[in-house]
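Chemist: can you look at this prediction? I've put the sequence above it.
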Amino acid sequence: MYVIYENIITHPIFWVFILMTLAVLAIQNTVVMKVVAPKVDKRWLRQNYVMLILLVATTLAVSATVFYLFEIGISVAGLVNILRDSVNDPTTKPENFRNLGTAVALLMGVLAASATIFFSIIRVWMNERTASAAEEALFNDKINATVSDLHAQRQITKWDTDDKAQTGWEDDVTRRNGAIDRLLGLAKEEPPSAPRIARMLSVYVKELSREYPEKTPPKSEDPKVLRKWAHDLKFTRSDIQNAVQVLGKLRKESGLALEDGEIDLSETNLQGFDLSDLNLEKVSFSKAQLQGA
């Protein structure tokens, strides 16, 4: 009987099976429902770590099945036959009978435990899908909350010529600037959302710039006069300029090469805007006013 235990424990695949079981248990404790923002930017690993885990776990499970579990199954069948013969043999010692029963129970327990590994792999995949859905829902909530601040307004009180208070509303530029900055942070957090954010900000710039018609250049043909006119141009509103600057930073922050048409600033008034140190490749500026920019 000692030889049987020794053969099981000293078998190299036995320890592979033990390590695989410990790895699956560690994975179960790692993949949880709680969504935690990563401190280190490892985009490729974040997107593919579950597939790597499943690939490794499946490889180990198949290896253990082929090289070890089949042997256990054959051994159990042989021990059961011996045990059956021992029951009918009156010369069998009780100690031998007990040892055979213990060996069969031990090997059956190993087989039963190994059957749960495949379900553990499925559980890891299901946990990942649930966590991904929760993370996507959380990110969409962040996007929606930020977009709502893009049209934020504040109540103001003005006094007319008769010294009467008139209550009105005006765009809350401060909150809108904050929302635009948060969109850049969200694009860095989730790079695949960069095209979506680019389209949002493009619409924002195009719609608001229509409220501020471009200034007509002087009719003089003197270059000095034209340069001075262009130099004196100022951007219309800080939130519009901030949105254009964020559009120029999206490629760098997200690491994605935005396609043609993702950033459309055609027919916009960008006179006097600060466009320095921005990546405006593939941006549509058709009929845009860029004097002094």
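Modeler: It's in. Numbering: from 1, shown residues only.

Chemist: quick one: the helices in this protein?
Modeler: Assigned helices in the chain, in chain order: 2-10, 12-30, 43-64, 70-88, 94-150, 173-189, 194-209, 223-231, 238-254 (criterion: DSSP state H).

Chemist: give the rounded mean pLDDT of the third one.
Modeler: Which is helix 43-64. For helix 43-64, mean pLDDT rounds to 66.

Chemist: domain ranges for this structure?
Modeler: 2-138, 169-293 (automatic domain parsing).

Chemist: which one of those has the poorest average confidence?
Modeler: Looking at the domains of the chain, the weakest mean confidence is domain 2-138, a mean of 66.

Chemist: ok, residue 240 - contacts?
Modeler: Counting by C-beta atoms under 8 Å, 6 or more residues apart in numbering, residue 240 touches 204-205, 208-209, 273. (Glycine included, C-beta is placed from N, CA and C.)

Chemist: widest-spaced pair of these?
Modeler: 204 and 273 (14.2 Å; C-beta to C-beta).

Chemist: in space, what's closest to residue 246 - neighbours in sequence excluded?
Modeler: Sequence neighbours aside, residue 184 is the residue nearest to residue 246 in space, at 4.7 Å (criterion: C-beta to C-beta, 6 or more residues apart in numbering).

Chemist: that neighbour against residue 250, yeah?
Modeler: Yes: the criterion here is C-beta atoms under 8 Å, and residue 184 meets it with residue 250 at 7.3 Å.

Chemist: quote the end-to-end distance of stretch 217-231.
Modeler: 12 Å (C-alpha to C-alpha, to the nearest Å).

Chemist: list the buried residues for that stretch?
Modeler: Residues of stretch 217-231 classed as buried under the neighbour-count rule (16 or more other C-beta atoms under 10 Å) are 229-230.

Chemist: what's it in contact with?
Modeler: Counting by C-beta under 8 Å, 6+ apart, stretch 217-231 makes contact with 291-292, all of which sit outside it.

Chemist: over to stretch 144-152?
Modeler: The contact list for stretch 144-152 (C-beta under 8 Å, 6+ apart) reads 171-172, 175-176, 178-180, 182-183, 186, 200, 204.

Chemist: rerun at 6 Å
Modeler: For stretch 144-152, the external contacting residues (C-beta atoms under 6 Å, 6 or more residues apart in numbering) are 172, 175-176, 179, 182-183, 204.

Chemist: and the residues you listed, which two are furthest apart?
Modeler: Farthest pair in these (C-beta to C-beta) is 172 and 183. Separation: 16.1 Å.

Chemist: neighbour count winner among those two?
Modeler: residue 183 (28 against 18; other C-beta atoms under 10 Å).

Chemist: quick check: chain neighbours aside, which residue is closest to residue 288?
Modeler: Residue 288 sits nearest to residue 268 (C-beta to C-beta, 6+ apart), 4.9 Å away.

Chemist: ok, back up a step: out of the contacts of stretch 144-152, who has the most neighbours?
Modeler: Going by other C-beta under 10 Å, residue 183 tops the contacts of stretch 144-152 with 28 neighbours.
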